[in-house]
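Asker: using only what follows, build the 3D model:
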Amino acid sequence: MNSEVSELVRAESIAAPHSRRLRETRSPAWTLLYIVLFLVIVIQSGVVVNARPQDLLTGASGMADILARSFPPDFSQFWPQLWPAFETVDIAIFGTVVGVVIAFPLAILAARNTTPARFLYHGARALIAVCRSVPDLVWALLFVTAVGLGPFPGALAISVHSVGMLGRLLAEVIEDMDMGPIEALGTTGARRMQIFSHAVVPTVLPSLLGISLYRLDENIRSSLILGFVGAGGIGFQLLSAMNLFQYRTVSLLLIMMFVLVIGAERLSAALRKRIA
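Answerer: Residues are numbered from 1 along each chain as shown. Have a look, this model is predicted:
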C-alpha cells in the first residue's frame with residue numbers, strides 16, 4: 001500500500017510542472033499574446049501583398065461590365081470547344097498513368113523497409129523531391145520550350161509532377177504497411193521478386209488505386225491551368241477567347257470547366273468508395 005502511495009505521489013510530482021505550464025499557456029496574458037502575434041502576421045502579410053480593398057469598389061463597374069458581356073453564353077461554340085475539353089481530360093489521364101508507372105518503383109526504392117541499398121533510398125528520395133518541389137506550371141513552361149506548343153508538353157508536366165506527389169505518398173504507405181507477409185515469405189526462401197509480387201503489391205494495391213484516382217482528380221484541375229502557357233486543352237482556348245475579348249465564349253468555357261471538374265470529382269469519389 002505504501003509503495004502504491006509513493007508511486008502516486010511521484011507521478012503527481014512529475015505531472016505537476018507540465019500541468020502548471022499548461023495553465024500558464026492558457027492564461028489570459030498568453031492568449032492575448034497569441035492574438036497580438038496573429039494580428040501582426042496578418043497585417044504584415046497585407047502590407048507585403050499591397051492589399052487595397054478600396055480598389056475592388058472602384059473596379060466593380062468594370063467587373064460588372066465584363067459579366068454583362070459574358071451572358072448569355074455562346075452555346076454555338078459548344079461543339080468546336082468539345083474537343084479541347086476531351087483533350088484536357090486526356091492530358092490528365094496520360095499524365096496520371098505515366099506518373100503512377102514511374103512513381104511506384106521509385107516509392108519502393110524510397111521506402112526504408114523495401115529499398116535494397118541506402119544510396120538508392122537517398123537517390124530516389126532526392127528525385128521525388130525535385131519532381132514535387134517544382135510546380136507543374138514551371139514544368140509545362142520547360143516542356144513547351146523543349147517540344148513546342150500543344151497537349152504533349154502539358155501531359156509531360158503532369159507526369160513529372162505526379163511522380164513527385166505519388167512517389168512521396170506511396171513511399172509513406174509502403175513504410176507503414178504490415179511486414180508480416182514479407183517476413184513470412186523471406187523465411188521460406190522466396191526470391192526478392194516473388195516477395196515483391198506476392199506480398200508488397202497486394203498489400204499496397206488498394207492504397208495505390210485510391211491515391212491514383214485522387215491524383216487524377218487533381219491533374220484534371222491542373223491541366224485546365226496548363227493551357228495558359230500553351231500546353232493545350234480547354235485552358236488554351238480560354239486564354240485565346242479572353243485575349244480576343246470574346247466574353248460569351250469565355251463564359252461557355254467556364255461552364256464546361258466547371259462541369260469537367262465536378263464530374264471528375266464525383267467519379268473519383270465514387271471509385272475510391274468502391275475500392276475502400
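
Asker: tell me, how many residues neighbour the nearest residue to Arg112 once chain neighbours are set aside?
Answerer: Counting by Cβ to Cβ, 6 or more residues apart in numbering, Glu175 is the residue found nearest to Arg112 once chain neighbours are left out, at 5.8 Å. Every C-beta, even on glycine, is put in place using the N, C-alpha and C of the backbone. The burial metric for Glu175, expressed as a neighbour count using other Cβ atoms under 10 Å, is 15.

Asker: what's near enough to touch Glu175?
Answerer: Contacts for Glu175 (Cβ atoms under 8 Å, 6 or more residues apart in numbering) come out as 111-113.

Asker: show me the shaky parts of the stretch 101-250 of the chain.
Answerer: Residues of the stretch 101-250 of the chain that meet the criterion pLDDT under 70 lie in 178-183, 185-186, 188-190, 192, 194-199.

Asker: quick one, helices of it?
Answerer: Using DSSP state H, counting those that start in this stretch, the helices of the stretch 101-250 of the chain run over 118-133, 136-147, 151-175, 180-187, 192-195, 201-226, 234-243, 247-275.

Asker: related to what we said a few turns ago, top of the contacts of Glu175 by neighbour count?
Answerer: Neighbour tally across the contacts of Glu175 (other Cβ under 10 Å): the maximum, 22 neighbours, falls on Ala111.

Asker: next one: that one from Leu127, what distance?
Answerer: 14 Å (Cβ to Cβ, to the nearest Å).

Asker: try Leu82
Answerer: Applying Cβ to Cβ to Leu82 and Leu127 gives a distance of 38 Å.

Asker: pick out whichever of these two has more residues nearby.
Answerer: Applying other Cβ under 10 Å to Leu82 and Leu127 shows that Leu127 carries more neighbours, namely 17 against 12.

Asker: what sits closest to that one if chain neighbours are left out?
Answerer: Leaving aside its sequence neighbours, Leu127 sits nearest to Leu106 (Cβ to Cβ, 6+ apart; 6.5 Å).

Asker: so the one you found sits right up against Val163, yeah?
Answerer: Yes. The pair Leu106 / Val163 is scored as a contact, 6.8 Å apart, by Cβ atoms under 8 Å.

Asker: all set now, cheers.
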